[in-house]
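Asker: sequence first, then the predicted structure:
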Amino acid sequence: MEQKYQNVLVPVDGSGVTNKVLERAIDVAKVNDAHLDILNILEVNQFNQTYGSAVSGDVVFKLTENTEKKLEGLKQEALDAGVKDVNIHIRFGNPKPIIAREFPKDHHSDVIVIGATGLSAVERLIIGSVTSYVTRTASCDVLIVRPDKKAGKNQTK
């Protein structure tokens, strides 16, 4: 069997679907004996617009430090699940071009495993879905992970 993927990218945002998306990325990486990159993007400009002034270096440092701790936990989860090669990354900026083109180009990602959406319907309407953008413009394959069905409906295992 020919190996299909060598570098798996999983962008995570800490939303409710993060665990399911990471699980799927771990599965893809294990099946392909691939490298796994776990990426979180911090949108500092979002804070500047909300608070009307530049975010202090201390706030950015603390946010980065907290994010790094969470990513280290996700990395350990992937290693414990049997992925041999895992890196974590934090980038600053707009998640759409970073996930779709910039990061995959820099790290030779050949598949992006991403959640269907981390936004509410209103947020998608106003700012657009990152996932939608990534599927339209990514330079590599994109695997979209759907959230679980509502509890109480029949689920097959």
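Answerer: Nice, I can see it.
Asker: relative to residue 63, how far out is residue 57?
Answerer: In this view, residue 57 and residue 63 are 11 Å apart by CB to CB, to the nearest Å. Bear in mind the C-beta positions are built from the backbone N, C-alpha and C, glycine included.
Asker: nope, residue 144 is what I was after
Answerer: 28 Å.
Asker: do residue 134 as well
Answerer: Applying CB to CB, the value for residue 134 to residue 63 is 23 Å.
Asker: and those two? which has more neighbours close in?
Answerer: Each of residue 134 and residue 63 has its neighbours counted (other CB atoms under 10 Å); residue 134 has more, 24 against 16.
Asker: can you tell me the closest non-neighbouring residue to the more buried one?
Answerer: Excluding its sequence neighbours, the residue lying closest to residue 134 (CB to CB, 6 or more residues apart in numbering) is residue 100, at 4.6 Å.
Asker: and the one you found, that's in a strand?
Answerer: No. Counting by DSSP: H, G, I helix; E, B strand; the rest coil, one finds residue 100 to be helix, located in no strand.
Asker: can you show me the helices along the protein?
Answerer: Remark: helices assigned in the chain by DSSP state H are 18-32, 44-51, 57-80, 95-97, 103-107, 121-127, 130-137.
Asker: and the fifth one, what does it pack onto?
Answerer: Same thing as helix 103-107. Packing partners of helix 103-107 (3 or more CB pairs under 8 Å, 6 or more residues apart in numbering; DSSP states H and E): strand 7-11, strand 35-42.
Asker: do you know how far the most centrally placed residue in the chain is from residue 56?
Answerer: In the chain, the C-alpha nearest the mean C-alpha coordinate belongs to residue 11, at 1.2 Å (CA atoms, centre = their mean). Residue 11 sits 26 Å away from residue 56, going by CB to CB.
Asker: now do the contacts for residue 68.
Answerer: The contact partners of residue 68, by CB atoms under 8 Å, 6 or more residues apart in numbering, come to 88, 90.
Asker: could you check how far it is from residue 14?
Answerer: Counting by CB to CB - residue 68 and residue 14 are separated by 13 Å.
Asker: and if you look at residue 83?
Answerer: 20 Å.
Asker: repeat that for residue 42.
Answerer: For residue 42, the distance to residue 14 - CB to CB - is 11 Å.
Asker: between the two, tell me which one has more neighbours.
Answerer: The neighbour count for residue 42 versus residue 14, taken as other CB under 10 Å, is higher for residue 42 (16 against 12).
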